[in-house]
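1. my questions are about this predicted structure, shown below with the sequence.
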Amino acid sequence: MEFFSHWGLLLAAAFVAGALNSVAGGGSFLTLPALVFTGVPPVIANATGTVALFPGYVAGAWGFREDMQPPPGLSMRAVVITSLIGGMAGAALLLVTPDAVFRKVVPWLLLAATAMFAFGPQLRAWAARRSSAQAPASSQPQSHVKGLLGMLVVAVYGGYFNGGLGILLLALFGLLGQTQLNAMNGMKNLVSALLTAIAVAIYAVGGLVYWKQALIMMIAATLGGYIGARVARKLPATWIRWGIVVTGLVMSVLFFLRG
């Protein structure tokens, strides 16, 4: 009975996570806790959940392929290389993080990711205002360095812990002066796919992935992504957003209590 309940939980979490990611993000709020609650060590759960959600990032990047353009001051090559380097560093950091340490860090990461998601619109609006105010200086050489450093920091975070990555990327692109929403979403999906690809490769080499769980959850997440996109068209965006925020808060509390 426990076997079926565990697999049922993983399938349900992956299905809903895929649906959430197709609409607004936040899928990792479900996959990571579900894996941990079924007995998977926290570090391996983080890696396995990332693998399970990987196809969604690739599909999202492909869907925005015509709209992609790098933020002002950065070339596409610079974005790609910086993303890969940062993702590699973050994944390598996870590789050497003991389970006991990661277990203590996870509640704070979940809470921070939930806060970023909850205040995402305000964060993006602030970034847009700031980029407009600094527009005359955007062509200065230091803006290129700041852009690379910003990309590197966010990429390291994404390689280590995926939650809230989309919000951070959108805010960063806004700060760098990008204003076209489709271009921002395209680059967000591209960077997410690159980070996840390099992280998955490193997780696999380091033996951090439970492949049976990852592959089955991957199928459920892909199915959930398609169905979620269809259903979400009939739901108010506010309901979806606050549903994700409540989920993130509940999972954070549960992890604090388990810790």
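-> Yep, that arrived.
2. need the helices for this protein, in chain order.
-> With DSSP state H as the definition, the chain shows helices at residue ranges 2-23, 28-37, 42-63, 76-95, 99-118, 120-133, 141-160, 165-175, 181-205, 211-232, 237-258.
3. and among these, the most buried is which?
-> Of the helices of the chain, the one with the most neighbours on average (mean count of other CB atoms under 10 Å) is helix 28-37, at a mean of 26. C-beta here means a position set from N, CA and C on the backbone, and glycine is covered the same way.
4. could you list the low-pLDDT ranges of the stretch 151-259 of the chain?
-> 229-230, 232-235, 237, 240, 259 (pLDDT under 70).
5. how about 80 then?
-> Within the stretch 151-259 of the chain, the segments meeting pLDDT under 80 span 162-164, 166-167, 170, 179, 181-182, 185, 226, 228-241, 243-244, 258-259.
6. sorry, back to before: so for residue 70, which of the helices of the chain sits nearest?
-> helix 76-95 (4.9 Å; CB to CB).
7. coming back round to it: can you put the helices of the chain in JSON lines and add distance to residue 69?
-> Formatted as JSON lines, those follow (distance: least, CB to CB, whole Å):
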{"stretch": "helix 2-23", "distance to residue 69": "23"}
{"stretch": "helix 28-37", "distance to residue 69": "27"}
{"stretch": "helix 42-63", "distance to residue 69": "13"}
{"stretch": "helix 76-95", "distance to residue 69": "8"}
{"stretch": "helix 99-118", "distance to residue 69": "24"}
{"stretch": "helix 120-133", "distance to residue 69": "15"}
{"stretch": "helix 141-160", "distance to residue 69": "14"}
{"stretch": "helix 165-175", "distance to residue 69": "10"}
{"stretch": "helix 181-205", "distance to residue 69": "5"}
{"stretch": "helix 211-232", "distance to residue 69": "24"}
{"stretch": "helix 237-258", "distance to residue 69": "25"}
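8. distance of residue 167 from residue 92?
-> Relative to residue 92, residue 167 is positioned 24 Å away (CB to CB, to the nearest Å).
9. nope, residue 186 is what I was after
-> With CB to CB as the criterion, residue 186 and residue 92 are 27 Å apart.
10. so who does residue 35 touch?
-> Under the criterion of CB atoms under 8 Å, 6 or more residues apart in numbering, the neighbours of residue 35 are 10, 13, 44, 45, 48, 49, 210, 213.
11. distance check, the residue lying closest to the fourth one once chain neighbours are set aside against residue 79.
-> So that's residue 45. With sequence-adjacent residues excluded and distances taken as CB to CB, 6 or more residues apart in numbering, residue 45 is closest to residue 35, at 3.6 Å. Distance, residue 35 to residue 79, using CB to CB: 31 Å.
12. cool, and residue 125?
-> From residue 125 over to residue 79 (counting by CB to CB), the distance is 23 Å.
13. ok, residue 49 next?
-> Remark: distance between residue 49 and residue 79 (CB to CB) = 25 Å.
14. and residue 30, by the same measure?
-> 29 Å.
15. cool, residue 110 as well?
-> Distance, residue 110 to residue 79, by CB to CB: 27 Å.
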